[in-house]
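A.B. asks: Have a look; sequence and predicted model below, questions after that.
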Amino acid sequence: MKRYSAFAIAREALRHHSGWERAWASPEPKRKYDVIIVGAGGHGLATAYYLGKNFGITNVAVLEKGWLGGGNTGRNTTIIRSNYLQDASAAIYEKSRSLYEDLSQDLNYNVMFSPRGVMMLAQTHHEVRGYQRTAHANALQGVATEYIGPERVKELCPIICIDGPRYPVLGALWQPRGGTARHDAVAWGYARACSAMGMDIIQKCEVTGVRSEGGKVRGVETSKGPIECDKLGVVVAGHSGVLAEMAGFRLPIESVALQALVSEPIKPCMDVVVMANTVHGYMSQSDKGEMVIGGGADGYNNYTQRGSFHHIEETVRALIETFPMISRLKMLRQWGGIVDMTGDRSPILSKTPLEGCFINCGWGTGGFKAIPGSGWGMAQLMATGASPLTAEFSLDRFKEGRFIDESVAAGVAH
Amino acid sequence: MLILTCPYCGVDADETELTPGGEAHLTRHGPGSSDDDFHDYLFARDNPRGVHFERWRHTYGCGKWFHAARSTDTLEVFGTYPAQTTEPPKDICDKISGERPGWSWRIFG
């Protein structure tokens, strides 16, 4: 792999850009791999990357039904934060956020991480108490957040209406080193780095079955024929239940649609991310100038990547109340993704009833921010059988009553 | 917009009038049951990509709970029926089998 650098740009400029390589190879699958990861989204590719980087396991295939990063990795609103309440969540999300800080250097690929600050508005007294509690918990966990008053909110984000008639802004939980990153670039950067280590990223290769023998995983059936493996990592977000069914177990997960939308591009007017959980909406401005908007998930099971219109209406209505200046803004496009929701709104990174088969799912509405940390922990779990980052997120926590309840931190958006 | 016919009051209700209530026909396990049964009752879900039986409440209508048979991959509604039953009615199962040969309910029993 040729490194990207200012020098490389100069060199290519002088020879009509004829020397750029493809970012990753697209090989045909081999007969057998040490590890197969199902799902070439952010989490799957990050898992493969850290298997190679931290544990030297490079005989790895990443199988993808569609195209690389075409699922929720390319459909989220790119928010990165780690202001969670519970210790286990703070640990994995903060690990992730800190990896984002120098991910561009690590991958030699510009993921455009922009730590512009994330603000979660408190618009009821209940929320004020909740976020003050989170700020105290974060102080103990070593996550830099603070609770700020309405004047500071207005100073950080002048376009916000802090004295609205229904839900005035009473304060906010402020994480200055939270922010956004370019979601596609995260998937592409990991893919390029994995390919450079000799891993095979195989797109348009749908897994249709899981082969096991004596309770141990042996490989997978795919649309490109059977492939054997010693270890299998299932990292498929909304379709986790479908893969689990192939492997012969059920998950405490339901898949629902979550939508997002972007406006036409406008001049820079907002340099922080604002999340308003009481009124159900969150917004940030992309580098292109589009206002990136997300809201609540649908309440019923759905695999179609299309959501209900009234959710968009609710989200936009709430945001117009919070940001009156956007009331004349036109929306450019809207889309949906299928999110995998668990009962406690926390993910599952775990061994499964099938030996050698590991699962990473349940990130629900908030997986993008967790990509590096999730990959880091999942790689350790798959390579060594245990990881301090993932221990609390095991599948058996539901049976044992060890919930990691993040329904407050998750709120609407997560 | 999803439209379901309430089997009690006969209204074609769109989803803003309804509240989704998750998977239907779960076997309730309470005190005295095994940990595995209790866990499955509370948390484990089929979550199929395809035919799904689910509970809905006609919240802003007659207020009653009913069941719907729906497809999660096409959003087709196969039918709705009253909640006083432990399994999907035969006419709805037959309709689904007609459209999707080889289909079966409850992969995990």
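C.D. replies: Nice, thanks for sending it over.

A.B. asks: So for stretch A:337-354, what gets flagged as buried?
C.D. replies: Across stretch A:337-354, burial judged by 16 or more other C-beta atoms under 10 Å in any protein chain shown covers A:337-352, A:354. Quick note: C-beta positions are derived from backbone N, CA and C, even for glycine.

A.B. asks: Run through these and flag the ones next to chain B.
C.D. replies: Contacts with chain B are made by A:G343 out of the buried residues of stretch A:337-354, judged by C-beta under 8 Å from any C-beta of the partner chain.

A.B. asks: got the residues of chain B near chain A?
C.D. replies: So chain B meets chain A at B:1-2, B:15-16, B:19-20, B:22-23, B:35-36, B:39-40, B:42-49, B:52, B:54, B:70, B:72-75, B:107-108 (C-beta under 8 Å from any C-beta).

A.B. asks: hmm, try it at 7 Å
C.D. replies: By C-beta under 7 Å from any C-beta of the partner chain, the residues of chain B that approach chain A are B:1-2, B:15-16, B:20, B:35, B:39, B:43-47, B:49, B:52, B:54, B:72-73, B:75, B:107-108.

A.B. asks: Out of the residues you listed, which sit inside strands?
C.D. replies: Mapping these onto strands (DSSP state E) picks out B:P20, B:H52, B:E54.

A.B. asks: sorry, back to before: so of the buried residues of stretch A:337-354, which ones are in strands?
C.D. replies: Using DSSP E, the subset of those located in strands is A:G337, A:I338, A:V339, A:D340, A:M341, A:T342, A:I348, A:L349, A:S350, A:K351.

A.B. asks: counting contacts, what elements does the one helix or strand A:N360 maps to pack onto?
C.D. replies: Secondary structure assigned from DSSP states H and E places A:N360 in strand A:357-361. Applying 3 or more C-beta pairs under 7 Å, 6 or more residues apart in numbering or on different chains; DSSP states H and E, one finds that strand A:357-361 makes contact with strand A:227-234, helix A:240-247, strand A:348-351, helix A:371-384.

A.B. asks: what about A:G19, distance to A:S26?
C.D. replies: To A:S26, A:G19 is 20 Å away according to C-beta to C-beta, to the nearest Å.

A.B. asks: check contacts around the residue nearest the centre of chain A.
C.D. replies: Centroid-nearest residue in chain A: A:F368, 1.5 Å away (criterion: C-alpha atoms, centre = their mean). Neighbouring residues of A:F368 by C-beta atoms under 7 Å, 6 or more residues apart in numbering or on different chains: A:G42, A:T73, A:N76, A:T78, A:H183.

A.B. asks: got the contact list for the closest residue to the last one other than its chain neighbours?
C.D. replies: Closest residue to A:H183 apart from its sequence neighbours, by C-beta to C-beta, 6 or more residues apart in numbering or on different chains: A:T78 at 4.9 Å. Remark: with contacts taken as C-beta under 7 Å, 6+ apart, A:T78 is in contact with A:T180, A:A181, A:H183, A:F368.

A.B. asks: Need those in a markdown table (columns: pLDDT).
C.D. replies: A markdown table is the format used below for those (pLDDT from 0 to 100):
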| residue | pLDDT |
| --- | --- |
| A:T180 | 97 |
| A:A181 | 97 |
| A:H183 | 96 |
| A:F368 | 96 |
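
A.B. asks: Just the residues you listed: which are in strands?
C.D. replies: Per DSSP E, the contacts of A:T78 map to strands at A:T180.

A.B. asks: re earlier: which of the contacts of A:F368 sit farthest apart?
C.D. replies: Taking every pair in the contacts of A:F368 and measuring C-beta to C-beta, the maximum separation is 10.9 Å, between A:G42 and A:T78.

A.B. asks: any low-confidence regions in chain B?
C.D. replies: B:107-109 (pLDDT under 70).

A.B. asks: any idea which residue of it is furthest from its center?
C.D. replies: Computed with C-alpha atoms, centre = their mean, the residue of chain B farthest from its C-alpha average is B:G32, at 26.8 Å.

A.B. asks: which SSE is it in?
C.D. replies: With DSSP H and E as the test, B:G32 turns up in no helix or strand.

A.B. asks: residue contacts, it?
C.D. replies: For B:G32, counting by C-beta under 7 Å, 6+ apart, there are no contacting residues.

A.B. asks: So for the longest helix along chain B, what gets flagged as buried?
C.D. replies: Criterion DSSP state H: the longest helix present in chain B is helix B:90-99. For helix B:90-99, a neighbour-count test (16+ other C-beta under 10 Å) marks B:I92, B:C93, B:I96 as buried.

A.B. asks: now swap in stretch A:374-387 and tell me
C.D. replies: Along stretch A:374-387, these residues count as buried under the neighbour rule (16+ other C-beta under 10 Å): A:S374, A:G375, A:W376, A:G377, A:M378, A:A379, A:Q380, A:L381, A:M382, A:A383, A:S387.

A.B. asks: do stretch A:24-40 as well
C.D. replies: A:W24, A:A25, A:P29, A:Y33, A:V35, A:I36, A:I37, A:V38, A:G39, A:A40.

A.B. asks: In this structure the second one contacts A:S195, no?
C.D. replies: This points to A:A25. Yes: applying C-beta atoms under 7 Å, one finds A:A25 in contact with A:S195, separated by 5.2 Å.

A.B. asks: How about the residues of the stretch 201-350 of chain A by chain B?
C.D. replies: Residues of the stretch 201-350 of chain A lying close to chain B by C-beta under 7 Å from any C-beta are A:241-242, A:245, A:250, A:252-255, A:299-304, A:308-310, A:343.
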